[in-house]
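1. Could you work out the structure for the sequence below:
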Amino acid sequence: MSTPEPVEISSGAGIQYWFKRYRLILTGISFALLLLMPSLDQVFSLSVGFESTEKRILASIPTFRFPHVKTFIAEFNQYYKENFGWRNALYYQYSQWKYWVVGVSPLPSKVILGKHGWFYPGNSIDNVADQHKGLASMTPAEIEAIGSHLSDYQRELAKQGIKLYVFVAPDSYSIYPEFLPDNFHISAEPSNLDRLKQYMAEKTTIPFIDPRPDLIRAKATYVLYQQTDTHWNSCGALIATIPLLKRMRHDFPSIPLVQLTNYRIRPRKGIGGDLVTVLALNRQFADSVDYDIKPAPLILANEAESIPHPGTDLPEQRFLHPDKTRPKVFLLGDSFSYVMNPIAGYFREMYVVRASHPNKEQVRKEHPDIMILEIVERNLSHLASL
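-> Numbering: from 1, shown residues only. I've put the predicted structure just below:
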């Protein structure tokens with residue numbers, strides 16, 4: 001039997017063989033690294049440059065308590081979903097791709113992309129978009145319940161010698177509808193605010209202040225809302241509070257004459273707000289302008305107290321003015337009230353609480369002359385359970 005002759009492998013075939021071999025090895029190593037990357041990031045903080053843009057506290061690592069194994073597994077699963085390595089970096093790249101390449105909102109339920117650098121809150125915030133489309137209207141019964149509840153509270157405060165005022169901070173949809181996307185159509189029917197305002201005027205005696213007309217007139221002169229945020233800016237808050245102050249002066253003549261010239265308004269550079277932050281676009285977008293507001297000496301109050309409020313990053317604040325003939329105010333508001341502080345000098349004292357419900361014992365203890373309930377337009381339904 002003859003032995004087979006050895007087969008010579010050409011140099012080209014050998015190179016191809018080793019190339020395939022190394023390619024398989026590199027593929028395996030790359031795949032293993034991809035699997036390890038999240039763990040390596042959690043140990044060595046490799047993606048520390050990408051901060052979380054979520055406006056909430058993420059789940060913390062759970063504690064194992066025997067025999068609650070299933071509970072621990074569920075809690076750890078939630079923890080890992082919210083804290084796995086490179087999560088923030090991956091979201092940043094995803095958001096950039098969706099916005100700049102695809103041209104859509106990375107989180108359409110949270111943020112609606114407007115025109116000319118304007119952003120609007122989405123339906124994840126109290127169905128605000130649907131409210132302005134006329135798809136989430138309050139029923140007549142809900143409006144009546146709000147009026148009845150506020151009237152009860154008005155009578156309760158009146159027994160303590162306190163005058164109630166309700167002050168609404170309009171949504172940006174109401175003041176700047178022209179910058180909404182072309183496919184967003186504001187309802188032609190009366191809005192929730194329109195209908196509640198009419199009911200309050202016809203069925204109650206509560207002063208209900210709607211500053212939309214003042215804001216719409218003033219927007220030709222000033223930018224009144226943050227283009228990249230859910231809130232108005234300091235100038236918008238100032239313009240909006242003028243009709244509130246004028247209405248209170250009817251009942252409390254010791255309040256100084258209310259006029260915009262009582263303030264020095266100077267523009268300054270704007271920053272990126274909460275809407276672009278949640279989209280991880282705050283490095284590319286900022287408000288075109290913000291304002292420094294300085295009251296005249298006649299209405300300049302001093303901050304006497306600032307107390308951290310549990311559950312929120314907005315403090316309780318106390319402002320004092322030396323003129324003791326002026327009334328004392330208790331302002332219960334949401335985050336829109338934070339830039340309302342410049343009005344404090346119209347009163348001898350203003351105590352501000354940012355909370356969703358009044359602490360009745362606290363109100364009795366403060367014993368103000370005036371109670372202001374400030375609420376943003378999209379949250380009007382909350383007034384029924386105040």
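2. Only C-alpha atoms from now on, for both contacts and neighbour counts.
-> Will do.
3. Show the contacting residues for the closest residue to residue 208 other than its chain neighbours.
-> Taking Cα to Cα, 6 or more residues apart in numbering as the measure, residue 208 lies nearest to residue 166, with 4.9 Å between them; neighbours along the chain are not counted. If you count contacts by Cα atoms under 8 Å, 6 or more residues apart in numbering, residue 166 has them with 206, 207, 208, 209, 372, 373, 374, 375.
4. For this structure, give me the ranges with low pLDDT.
-> Of all residues in the chain, those with pLDDT under 70 make up the ranges 1-14, 17, 30-62, 64, 68-69, 71-89, 91, 311.
5. Which secondary structure state does the residue nearest to the spatial centre of the chain sit in?
-> With distances taken as Cα atoms, centre = their mean, residue 230 lies nearest the centre of the chain, 4.9 Å away. On the three-state scheme (DSSP: H, G, I helix; E, B strand; the rest coil), residue 230 is labelled coil.
6. ok, now how distant is it from residue 272?
-> According to Cα to Cα, to the nearest Å, residue 230 stands 11 Å off from residue 272.
7. Which stretches in the stretch 1-150 of the chain count as strands?
-> Shown for the stretch 1-150 of the chain, the strands assigned by DSSP state E, counting those that start in this stretch span residues 111-113, 119-121.
8. what would these look like in CSV with mean neighbour count?
-> Compiled in CSV, the strands of the stretch 1-150 of the chain are given as follows (neighbours: other Cα atoms under 10 Å):
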stretch, mean neighbour count
strand 111-113, 24
strand 119-121, 26
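9. closest to residue 160 out of those?
-> In this view, the strands of the stretch 1-150 of the chain are compared for proximity to residue 160 by Cα to Cα, and strand 119-121 is the closest at 38.7 Å.
10. all helices of this protein, in order?
-> Using DSSP state H, the helices of the chain run over residues 11-44, 69-83, 87-96, 128-133, 140-158, 172-175, 192-203, 212-218, 234-251, 274-278, 360-366.
11. and the fifth one, how far from the chain's centre?
-> What it means is helix 140-158. 27 Å (Cα atoms, centre = their mean, to the nearest Å).
12. could I have that helix exported to PDB, CA atoms only?
-> Coordinates of the C-alpha atoms in helix 140-158 are reproduced here as PDB (Å, rounded to 0.1, in the frame of the first residue of the first chain):
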ATOM      1  CA  PRO A 140     -69.400  69.200  35.400                       C
ATOM      2  CA  ALA A 141     -69.600  67.100  38.600                       C
ATOM      3  CA  GLU A 142     -65.800  67.400  39.100                       C
ATOM      4  CA  ILE A 143     -65.900  71.200  38.600                       C
ATOM      5  CA  GLU A 144     -68.800  71.400  41.100                       C
ATOM      6  CA  ALA A 145     -66.900  69.300  43.600                       C
ATOM      7  CA  ILE A 146     -63.900  71.700  43.400                       C
ATOM      8  CA  GLY A 147     -66.100  74.700  43.900                       C
ATOM      9  CA  SER A 148     -67.900  73.100  46.900                       C
ATOM     10  CA  HIS A 149     -64.600  71.900  48.500                       C
ATOM     11  CA  LEU A 150     -63.000  75.300  48.100                       C
ATOM     12  CA  SER A 151     -66.100  77.100  49.500                       C
ATOM     13  CA  ASP A 152     -66.000  74.900  52.500                       C
ATOM     14  CA  TYR A 153     -62.300  75.800  53.000                       C
ATOM     15  CA  GLN A 154     -63.100  79.400  52.500                       C
ATOM     16  CA  ARG A 155     -65.700  79.300  55.300                       C
ATOM     17  CA  GLU A 156     -63.300  77.500  57.600                       C
ATOM     18  CA  LEU A 157     -60.600  80.100  57.000                       C
ATOM     19  CA  ALA A 158     -63.100  83.000  57.400                       C
END
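13. Fine by me, thanks again.
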